[in-house]
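# sequence isn't available, so here's the structure alone:
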């Protein structure tokens, strides 16, 4: 499919210097369309279950949480009572503006503490190093150019405090999803874990199935390999493999630093 039929292919074909502009151009929905989408997002039980899962994994008592690709801000608000400060960023200025005005979701959170929103690109986070205890992205990394995934992970590593965590939710490349024009970098558990390890993350955890307890992510890597080798499709959703939900912890030393 050419770029004229799939505009997102322009990102794949663009040089790194042009991709930041293209992300803004292609993902910056107008405020009216974003407002219409709000009720649809909040009415989906699956979205509410996912937000409850993120809250359970992250838990309370943090200094600062960052959501990357916050969209309409429902998750950012839902995490608002888990930290003194919660920040949501999105490449779309109009969506960030809607999120500013949105008052939270019905699943808890939001009441509480400081919640802020900014328009910001996921590959260039305008925060000081070591600003956050947790970062989270939900259905965001698959929209990045494959080369920009590594840039993004390095940026998240930078803005996390030592020992901080990054929670990533994204579709699993092996999980029998339909192709979508805007999914530019689909990964498996094994592939995402490898990329995050290269960026300096370790101690990878994932829900045992679709809900905690959290276990070593190697369990999910082994399970996806076994099901792929056997050609079994039925168990992917039951085992929590169809989509990736993984947490990596920031290691103490930047792997890109000279030794």
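Perfect, thanks for sending it. None of these values were measured; they are calculated from a predicted model.
# so what pairs up with residue 119 in the strands?
Beta-bridge partners for residue 119, by DSSP bridges, are residue 90.
# for stretch 215-231, buried residues please.
By 16 or more other C-beta atoms under 10 Å, the buried positions in stretch 215-231 come out as 217, 219, 220, 221, 223, 224, 227. Yep, even glycine has a C-beta here, placed from its N, CA and C like the rest.
# is it true that the third one touches residue 246?
To tie it back to what came earlier, the one meant is residue 220. Yes: counting by C-beta atoms under 8 Å, residue 246 is a contact partner of residue 220 at 7.4 Å.
# helix or strand for residue 116, which one?
strand 114-119 (DSSP states H and E).
# starting at the chain centroid, how far to stretch 125-132?
Stretch 125-132 sits 17 Å away from the centroid of its parent chain (C-alpha atoms, centre = their mean, to the nearest Å).
# gap between the two ends of that stretch?
By C-alpha to C-alpha, to the nearest Å, the extent of stretch 125-132 from end to end equals 12 Å.
# mean confidence for that stretch?
The average pLDDT within stretch 125-132 is 98.
# ok, stretch 58-72 next?
For stretch 58-72, mean pLDDT rounds to 95.
# tell me the helix or strand right after the helix or strand hosting residue 224.
Here residue 224 sits within helix 218-230, counting by DSSP H and E. Next in sequence after helix 218-230, counting helices and strands by DSSP H and E, comes strand 243-250.
# show me what that next one is packed against.
When contacts are defined as 3 or more C-beta pairs under 8 Å, 6 or more residues apart in numbering; DSSP states H and E, strand 243-250 packs onto helix 45-58, strand 160-171, helix 189-198, strand 201-207.
# how deep is the nearest residue to residue 60 once chain neighbours are set aside tucked in, by neighbour count?
In space, and not counting its chain neighbours, residue 60 is closest to residue 82: 4.9 Å by C-beta to C-beta, 6 or more residues apart in numbering. The local packing of residue 82 (other C-beta atoms under 10 Å) involves 21 other residues.
# residue contacts, residue 82?
55, 58, 59, 60, 61, 62, 65, 109 (C-beta atoms under 8 Å, 6 or more residues apart in numbering).
# pretty sure residue 78 contacts residue 55?
Yes: counting by C-beta under 8 Å, residue 78 does reach residue 55; the two are 6.5 Å apart.
# those two - which one has more neighbours?
A count of neighbours by other C-beta under 10 Å puts residue 78 above the other of residue 78 and residue 55, at 24 against 18.
# how near is that one to residue 158?
Applying C-beta to C-beta, to the nearest Å, the value for residue 78 to residue 158 is 25 Å.
# swap in residue 124?
Distance, residue 124 to residue 158, using C-beta to C-beta: 11 Å.
# re the thing from before, what is in contact with residue 220 and residue 246 at once?
Common neighbours of residue 220 and residue 246 (C-beta under 8 Å, 6+ apart) are 189, 206.
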